[in-house]
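Whatever this is, show me its structure:
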Amino acid sequence: MKRREHNAREKTGAGGTDIHPSAVVDRGAELADGVCVGAFSVIERGAVIGARARIEPHVVIRGGAVIGEDTHIYQFCSIGEAPQHQGYAGEPTGLEIGARNIIRESCTVHRGTADGRGRTRIGDDNFIMAYAHIAHDCALGDHIVFANGASLAGHVDVGDHAILGGFSLVHQFCSIGAHCITGIGAVCFKDVPPFIIASGHTAKPFGLNTKGLRRRGFDDESVALLKKAYRLLYRDGLEQARALEEIQKLRPGHPHLEMLCDFVRGSRRGIIR
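I've put the predicted structure just below:
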């Protein structure tokens, strides 16, 4: 074990790395300055770990995983494992995790598939709590929170600042919009538009995420406009196309209204109703 530790330090060329003697780090892995690897963790050939990342004990990081600087991965996580996809035949696919993410205990994050995006992507500054699962070919933005046990099937998109409540489940190919929040145990079979609260099995809309928007600096005018847009989309009995026309009349060119309308128009599975 001491020899493996020496080889890992030699590979990085950086005396500032801190690798426990029981960790198994392949010579073909790339570890930047200041990386810390805990006891009994395994890092395979082809994995890339950014500066000052902290890998706690008993973590497995497969080849093809790229992890950004200052990311902290807690014990018993499986990062970059092969996708749970019956068509996967061992093709070289990848996983990209950005900077300053926190990934808590026992999370599983799978790499992409050759017939999908080829890569699973997680942005920056996300907080992924214990036992969460992110499947193959998902794409996550920045500043997202996954509460304990939240799980994504394959090919799911999650927008910036979204919050998934504990044990929320998202069906494959769904999209979760920016700044929305799901309740505990929400089951999403359709797309969740940005800015709203979704809850239940099957998930339904429960108003605008007003507290979250104000917390992120949305001004009173923007919140008021989004409240009107929500009523048009969900409360006034309008057909979806007509509702979108009326929303755009509220304040033409307003960026948040445009984001909402673009999301609904581009929905692959239809939005929750």
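
mind checking how far stretch 71-89 is from the chain centre?
Relative to its chain's centre, stretch 71-89 lies at 13 Å (Cα atoms, centre = their mean, to the nearest Å).

Report the rounded mean pLDDT for it.
For stretch 71-89, mean pLDDT rounds to 97.

Quick one: end-to-end length of it, please.
End-to-end distance for stretch 71-89, by Cα to Cα, to the nearest Å: 30 Å.

mind listing what's buried in that stretch?
By neighbour count with 16 or more other Cβ atoms under 10 Å, stretch 71-89 contains the buried residues 71, 73-77, 79-81, 83, 85, 88. Yep, even glycine has a C-beta here, placed from its N, CA and C like the rest.

Can you tell me which of those residues is closest to Glu258?
Nearest to Glu258 out of the buried residues of stretch 71-89 is Thr71 (Cβ to Cβ; 32.4 Å).

Quick one: residues contacting the closest one.
Taking Cβ atoms under 8 Å, 6 or more residues apart in numbering, we find Thr71 in contact with 50, 53-54, 97-103.

Same list, these, but as JSON lines with secondary structure, pLDDT and distance to Phe206 please.
Formatted as JSON lines, the contacts of Thr71 follow (DSSP: H, G, I helix; E, B strand; the rest coil; pLDDT from 0 to 100; distance: Cβ to Cβ, whole Å):
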{"residue": "Gly50", "secondary structure": "coil", "pLDDT": "98", "distance to Phe206": "39"}
{"residue": "Ala53", "secondary structure": "coil", "pLDDT": "98", "distance to Phe206": "38"}
{"residue": "Arg54", "secondary structure": "strand", "pLDDT": "98", "distance to Phe206": "38"}
{"residue": "Ile97", "secondary structure": "strand", "pLDDT": "98", "distance to Phe206": "31"}
{"residue": "Gly98", "secondary structure": "coil", "pLDDT": "98", "distance to Phe206": "31"}
{"residue": "Ala99", "secondary structure": "coil", "pLDDT": "98", "distance to Phe206": "33"}
{"residue": "Arg100", "secondary structure": "coil", "pLDDT": "98", "distance to Phe206": "31"}
{"residue": "Asn101", "secondary structure": "coil", "pLDDT": "99", "distance to Phe206": "29"}
{"residue": "Ile102", "secondary structure": "strand", "pLDDT": "99", "distance to Phe206": "28"}
{"residue": "Ile103", "secondary structure": "strand", "pLDDT": "99", "distance to Phe206": "29"}
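
Just flag the most distant two among those.
Arg54 and Gly98 (15.2 Å).

Between those two, point out the one with more neighbours.
With other Cβ atoms under 10 Å as the criterion, Arg54 and Gly98 differ in neighbour count, and Gly98 comes out ahead with 21 against 18.
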